[in-house]
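1. give me a model of this one.
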Amino acid sequence: MSDYQKLADFLFPNITKTPEDYENLYPQRTLPDGARVSRFSPSPTGYLHFGGLYAATAAKLNAVSTNGIFYLRIEDTDKKREVADGVFAIVDGLNYFGITADEGVCSENEEKGNYGPYTQSKRVEIYQTFAKALVAQGLAYPCFCSETALNEIRTAQEKEDIKGYYGKYAKCRNLSFEEIKTNIDNGMAWTLRLKSPGDTAKKIIFDDMIKGKIEMPENVIDVVLLKADGVPTYHFAHAVDDHLMRTTHVIRGDEWIASVPLHIQLFKVLGFKPVKYAHIAPIMKEDEGGKRKLSKRKDPEAAVSYYVEQGFPKESVSEYIFTILNSNFEDWRRANKDADLSAFPFNLKKMSVSGALFDMAKLCDVSKNVISTMKAEKVFALSYEWAKMYCPQLAELYAKDTDRATAILNIDRENKKPRKDIAKWSDIPDYISYMYDDTFVPCYTLCGNATPALAVKVIEKYIDTVNLSDDKDTWFARIKDMCEPLGCTANVKEFKQNPENFKGHVGDVSTIIRVALTGRTNTPDLYSITALLGQETVIARLNAALKHYKEEL
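-> Predicted structure coming up:
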């Protein structure tokens, strides 16, 4: 037995399995040629970030577009930073926006798939098995350096080009078996370090699937593989997991580019085929000082829960994410207006190299388009569910008469050019407030050629004319017939040609009625509003407006 094998057995006496056992337990996947296996692997240290949702969407599309597998792995080896319900927040957030995994963690206590456990804290024995194998090959060793000793090394390296535990600074690299045994028998804590085969004179070249070819120095640092409690570091765990779960493509933030030399080295010393990496630039935001990263601390929209609370439909957020995922999406959408997002030919190489720009105004525009295509029944159902959780006042209005509420939401909806007033469900209370006496706030400010004097005459005439049993053509004909006796014209073109001959045109007459009934100069179809308000409300509001304008004169 070699000294290395003797050391491996001494350090890991309870590990009886071998890497080959796990290779057999997790065989190569049977997938079509070209199928990719990608994952989203967050840590449960807080809420799901918009950047995380963005990365998860890219990872899922990378798999789905190739008939591959997308799985969710939870990287929870850093228990100090873990928060309560962190896993639930991640899974619930992803599911809400339709990012469902083929395999992996389904809830806090449930997983599915044949390559689990998909939670790293449940895989410690697996990591230790591969760590033991590295020790047996002379590729890893225990390190007894205290935090004080490591700080001394850092101080000594202040003027060095390379900083870390390597070369002459790797104090424990060449300890004998007897020295190691004595230290452990004496109760000294140890971590397991990689015995890096890196060379400071050599470089690695890898092809990043987003950023292209990158050249970097080899890793020479003897990094920690297992912490003192036997739990792996991210670097070691991700290499073992991505291999055994048969991952082909890792899509992650570009802050990890600096670690690629180490990660590729780990794959090689473990005898694994390296995965292909695609590093995503961070989501950016315009600020007073220029562009900056979307911030968890500064920006409420950084949390995906913000979109749920504001009432952005998941379809809207997904559509918006596609606009910043691939540069050719909007051209594709114009050519495929009714196509499902799953039909879009996603391509990693068309992702932004420098960082996609988050734009709330653009999100709202996208969402208005999405909501404008929804049937009124869907708008009602989704906004009602949202209101029950976040806006009790709206839920109470809806509950009074659900059919009427649906009809209100259907005004100017199902036609060739539907209105685009609603970007999120939280816009609805204000949008429909004038349809309910409980929430109607009168405002008698006029525009165009409408004056208080003309308003008095229009409203007096309309009170005698309005008939809610009219169809739309008859209703509008009555308004046009009112024009001439009021000194206005029913022909807008005629007014533009000779404005001095008239007090206003039919549009001004309609505006006066609109303002009296809704308090606004711009609303959906006035005929439909009048019909849904009902005779009693219409007359009451007209009288209140008439009183106001008379008092102005």
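2. so where do the strands sit in the stretch 51-200 of the chain?
-> 69-72, 103-107, 110-112, 140-143, 191-194 (DSSP state E, counting those that start in this stretch).
3. pLDDT averaged over the second one, what's the number?
-> Read that as strand 103-107. Averaging pLDDT along strand 103-107 gives 92.
4. tell me which of the strands of the stretch 51-200 of the chain sits most buried.
-> strand 69-72 (a mean of 25; mean count of other CB atoms under 10 Å). C-betas here are computed from N, CA, C, even on glycine.
5. ok, back up a step: take the strands of the stretch 51-200 of the chain and lay them out in JSON lines including distance to residue 552.
-> Shown next, in JSON lines, are the strands of the stretch 51-200 of the chain (distance: least, CB to CB, whole Å):
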{"stretch": "strand 69-72", "distance to residue 552": "64"}
{"stretch": "strand 103-107", "distance to residue 552": "63"}
{"stretch": "strand 110-112", "distance to residue 552": "67"}
{"stretch": "strand 140-143", "distance to residue 552": "85"}
{"stretch": "strand 191-194", "distance to residue 552": "82"}
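6. between these, which gets nearest to residue 256?
-> Residue 256 sits nearest to strand 191-194 of all those, at 17.4 Å, using CB to CB.
7. direction included, what does the closest one pair against?
-> Its sheet considered, strand 191-194 pairs with strand 140-143 (antiparallel), strand 224-226 (antiparallel) by DSSP bridges.
8. got the CA coordinates for it in PDB?
-> Provided in PDB are the C-alpha atoms of strand 191-194 (Å, rounded to 0.1, in the frame of the first residue of the first chain):
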ATOM      1  CA  THR A 191      -9.000  21.200   5.700                       C
ATOM      2  CA  LEU A 192      -8.300  19.300   2.500                       C
ATOM      3  CA  ARG A 193      -6.400  21.100  -0.200                       C
ATOM      4  CA  LEU A 194      -5.900  20.400  -3.800                       C
END
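9. now do it: distance to the chain's middle.
-> In terms of CA atoms, centre = their mean, to the nearest Å, the centre of strand 191-194 is set 37 Å apart from its chain centre.
10. quick check: mean pLDDT across it?
-> 98.
11. excluding sequence neighbours, find me the nearest residue to the residue sitting furthest away from the middle of the chain.
-> Outermost residue of the chain with respect to the C-alpha centroid, by CA atoms, centre = their mean, is residue 485; its distance is 58.3 Å. Distances taken as CB to CB, 6 or more residues apart in numbering place residue 461 nearest to residue 485, at 7.2 Å, with adjacent residues excluded.
12. and residue 268, by the same measure?
-> In space, residue 268 is closest to residue 274, 7.1 Å off (CB to CB, 6+ apart).
13. give me the neighbour count for the one you found.
-> Neighbours of residue 274 under the rule other CB atoms under 10 Å: 17.
14. measure the residue nearest to residue 31 when sequence neighbours are not counted to residue 28 for me?
-> The spatial neighbour of residue 31 that comes closest, neighbours along the chain excluded (CB to CB, 6+ apart), is residue 68 at 6.2 Å. Distance of residue 68 to residue 28, given as CB to CB, to the nearest Å: 13 Å.
15. equivalent analysis for residue 38, please.
-> 16 Å.
16. between the two, which one's more packed in?
-> Each of residue 38 and residue 28 has its neighbours counted (other CB under 10 Å); residue 38 has more, 28 against 7.
17. part of a helix, is that one?
-> No - read with DSSP: H, G, I helix; E, B strand; the rest coil, residue 38 is strand and lies in no helix.
18. so it makes contact with residue 247?
-> Yes - taking CB atoms under 8 Å as the definition, residue 38 is a contact partner of residue 247 at 6.7 Å.
19. overlap in contacts, the two.
-> Contact criterion CB atoms under 8 Å, 6 or more residues apart in numbering; no residue bridges residue 38 and residue 247 by contacting each.
20. ok, residue 163 - contacts?
-> Counted by CB under 8 Å, 6+ apart, residue 163 has contacts 154, 157.
21. related to what we said a few turns ago, count the neighbours of the residue nearest to residue 31 for me.
-> Neighbours around residue 68, by other CB under 10 Å: 20.
22. then residue 543?
-> 13.
23. what sits against it?
-> So residue 543 contacts residue 463 (CB under 8 Å, 6+ apart).
24. separation between it and residue 450?
-> Taking CB to CB, one finds residue 543 at 18 Å from residue 450.
25. ok, the closest residue to residue 480 other than its chain neighbours to residue 508 distance?
-> Nearest residue to residue 480, sequence neighbours excluded (CB to CB, 6+ apart): residue 490, at 4.0 Å. From residue 490 over to residue 508 the distance is 11 Å, taken as CB to CB.
26. again, but for residue 487
-> Counting by CB to CB - residue 487 and residue 508 are separated by 11 Å.
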